[in-house]
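Participant: Sequence first, predicted model second:
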Amino acid sequence: MHRMAAADAASYWMSRRIPNDQFLVYCFAAPSSSVEDCAARLRLRAALVDDLCLRIRDVPGTVDRPYWESVSPADDQVRVDSTRRTWSSCLAEIAGLIARPLDPTRAAWRAHLFGPVVDAPGAAGDVYVVVVQMCHALGDGRRASQIVREWFTAPATPRRPASTRSSGRELLVDAGTFLGGVLRFPGEFVTTARRGFRVARLAPASAPGPSGYPPTRLNTPPRPRRTLRVLVFDRAHLTRRGQPVTVAVLAAISAALPEYLGETGRRLGVELTIGRTGEPQARNHFRNAAVDLHVDVDDLVERARLIGADVAAARAAEADPVRLAQHRASESTPAILARWGIGAVDLETPPETVTGVTVVSSVDRGAADIDLDGGEILFTTGFPALSPAQGLTHGVHGIGDRIALSVTTSPEVMGDVDRYVELLGRALGVSRSAS
């Protein structure tokens, strides 16, 4: 067993209040094997991927962060739906899965295989769709993508029988982790106080952060139902004007969102997930930052340039001394205090401002050199979680030369999602048939 990093523990504890499972979707050309045979080989491979052999173990009384403990993957962690269905029907099934979050103390991930699926974007024939549902504490977008890549490329060899654990051993483990947390508390408390004083000393010299944006009708609590849409296009099409993928998508959102909202004079920005630099000390090695969409600039080329500059500035802000000091203080905060703080967050009162009126998560999942029993990868996508203040999220996922832009919302928040997707497609220069 090994102790969770602070950021991963925070993600786990927050998931108890706001479900945040990741859904990594991979669309493959249908191989000659049946979907059941593909699933059987994935079950064998899972035992050879260390990160897929983990689950969370809580510490009694939350006197310490949870631990990762090793466990053999169960066969029912890879599930099969062999019903022949359309791509739209498959998205509806995935939307249903979002309403059923994992209990990572039992299983930190689960895979769902659908096939055959017809009418998938850009596919000439049948496809198999692999949906990997993963506890966010197990990894951020980059780490989760690496885990899945390792899984698809692992050999399908027989597994060792799972070992059994006695109840006596379980009691000893709980006693040991509890005692360790109690002994660790005084040192962590003193370290956090010292680091907090450093934050207070540095704060007056720090540049003020973004002021936030007034909420829109999209920034309302979603109900349990989800609506999912995906646009797929060539990377070259998206970057044809010399813009990076993320900037090109943000520029398209800056055109589609004001028109959808019918509020052309309103300031709009997005909450962008940004990967941290340096050696990761946690599985979740990212932060969120505000990026203005500059909707007041009519020249779209200039608007894209300004958005790109804001993205670059948001990435550079990681080096701000106050931000670094705050991050170090959060790393040493005693578990019982960190857990209390997360539980005290007010999720009921509507915020006066939001970091962005929508969330955008962008992840490059690498080369298109993975397959499913010989079926080539066509594209990959994902669906960032909604929250009480965010009823619309976007996922930007690339593999090889294919980029997918996903839209996640709730029918109570965005009842006419297809109109918004149409506006996005128009801004990107692709047709609705690409979805």
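Facilitator: Arrived safely. These numbers come from a predicted model, not from an experiment. Numbers count the residues shown, from 1 in each chain.
Participant: Quick check, residue 199 in contact with residue 320.
Facilitator: No - taking contacts as C-beta atoms under 8 Å, residue 199 lies outside contact range of residue 320: 11.4 Å. The way it works is simple: take the backbone N, C-alpha and C, and place the C-beta from them, glycine included.
Participant: So for these two, which sits in the more crowded spot?
Facilitator: In terms of neighbours (other C-beta atoms under 10 Å), residue 199 is the more surrounded of residue 199 and residue 320; the figures are 18 against 14.
Participant: host element of that one?
Facilitator: In the assignment (DSSP states H and E), residue 199 maps to helix 167-202.
Participant: So which elements touch that helix?
Facilitator: Applying 3 or more C-beta pairs under 8 Å, 6 or more residues apart in numbering; DSSP states H and E, we find helix 167-202 packed against helix 321-332, helix 335-344.
Participant: all strands of the stretch 201-350 of the chain, in order?
Facilitator: Applying DSSP state E, counting those that start in this stretch to the stretch 201-350 of the chain gives strands spanning 227-234, 269-275, 286-292.
Participant: could those strands go into JSON lines alongside mean pLDDT?
Facilitator: Listed next are these as JSON lines, based on pLDDT from 0 to 100:
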{"stretch": "strand 227-234", "mean pLDDT": "96"}
{"stretch": "strand 269-275", "mean pLDDT": "96"}
{"stretch": "strand 286-292", "mean pLDDT": "95"}
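Participant: Output those strands in TSV; the columns should cover mean neighbour count and distance to residue 119.
Facilitator: Converted to TSV, the strands of the stretch 201-350 of the chain look like this (neighbours: other C-beta atoms under 10 Å; distance: least, C-beta to C-beta, whole Å):
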stretch	mean neighbour count	distance to residue 119
strand 227-234	21	12
strand 269-275	22	30
strand 286-292	20	34
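Participant: Quick one, which of those gets closest to residue 426.
Facilitator: Checking these against residue 426 by C-beta to C-beta gives strand 227-234 as the closest, at 10.9 Å.
Participant: Outside of the closest one itself, which residues are in contact with it?
Facilitator: Here strand 227-234 makes contact (C-beta atoms under 8 Å, 6 or more residues apart in numbering) with 91-92, 94-95, 121-122, 379, 381, 383, 401-411, 414, 417-418, 421, 424-425, 428, 430, 434-435.
Participant: Any idea which of the helices and strands packed on helix 167-202 gets closest to residue 183?
Facilitator: helix 335-344 (12.7 Å).
Participant: Just the mean pLDDT for the closest one, thanks.
Facilitator: Throughout helix 335-344, pLDDT has a mean value of 95.
Participant: Which residues in that helix does the neighbour count mark as buried?
Facilitator: For helix 335-344, burial by neighbour count (16 or more other C-beta atoms under 10 Å) applies to 335-336, 338-339, 342.
Participant: any chance of these in a markdown table, with distance to residue 298 too?
Facilitator: Formatted as a markdown table, the buried residues of helix 335-344 follow (distance: C-beta to C-beta, whole Å):
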| residue | distance to residue 298 |
| --- | --- |
| 335 | 51 |
| 336 | 53 |
| 338 | 46 |
| 339 | 48 |
| 342 | 43 |
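Participant: Of those, which is the nearest to residue 102?
Facilitator: The shortest approach to residue 102 among the buried residues of helix 335-344 belongs to residue 342, at 18.3 Å (C-beta to C-beta).
Participant: Chain neighbours aside, what residue packs nearest to the closest one?
Facilitator: Nearest residue to residue 342, sequence neighbours excluded (C-beta to C-beta, 6 or more residues apart in numbering): residue 13, at 4.7 Å.
Participant: what's the domain layout of the chain?
Facilitator: 2-156+168-172, 212-434 (automatic domain parsing).
Participant: Would you format these as CSV with distance to residue 179 included?
Facilitator: Shown next, in CSV, are the domains of the chain (distance: least, C-beta to C-beta, whole Å):
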stretch, distance to residue 179
domain 2-156+168-172, 9
domain 212-434, 14
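Participant: Residue 194 is nearest to which of the ones you listed?
Facilitator: Relative to residue 194, the nearest member of those by C-beta to C-beta is domain 212-434, separated by 8.8 Å.
Participant: which intervals of the stretch 101-250 of the chain have sub-threshold pLDDT?
Facilitator: Counting by pLDDT under 70, the low-confidence segments of the stretch 101-250 of the chain come to 159-165, 207-209.
Participant: make it 80
Facilitator: 158-167, 205-211 (pLDDT under 80).
Participant: what about the spatially closest residue to residue 307 that is not a sequence neighbour, neighbour count?
Facilitator: Among residues not flanking residue 307 along the chain, residue 250 sits closest, at 5.0 Å (C-beta to C-beta, 6+ apart). A count of neighbours around residue 250, defined by other C-beta under 10 Å, yields 28.
Participant: Quick check: residue 250 vs residue 272, distance?
Facilitator: Using C-beta to C-beta, to the nearest Å, residue 250 is found at 8 Å from residue 272.
Participant: Pull up the overlap in contacts between these two.
Facilitator: With C-beta under 8 Å, 6+ apart, residue 250 and residue 272 have common neighbours 291, 311, 360.
Participant: Same list, those, but as JSON lines with distance to residue 29 please.
Facilitator: Shown next, in JSON lines, are the shared contacts of residue 250 and residue 272 (distance: C-beta to C-beta, whole Å):
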{"residue": "291", "distance to residue 29": "36"}
{"residue": "311", "distance to residue 29": "34"}
{"residue": "360", "distance to residue 29": "29"}
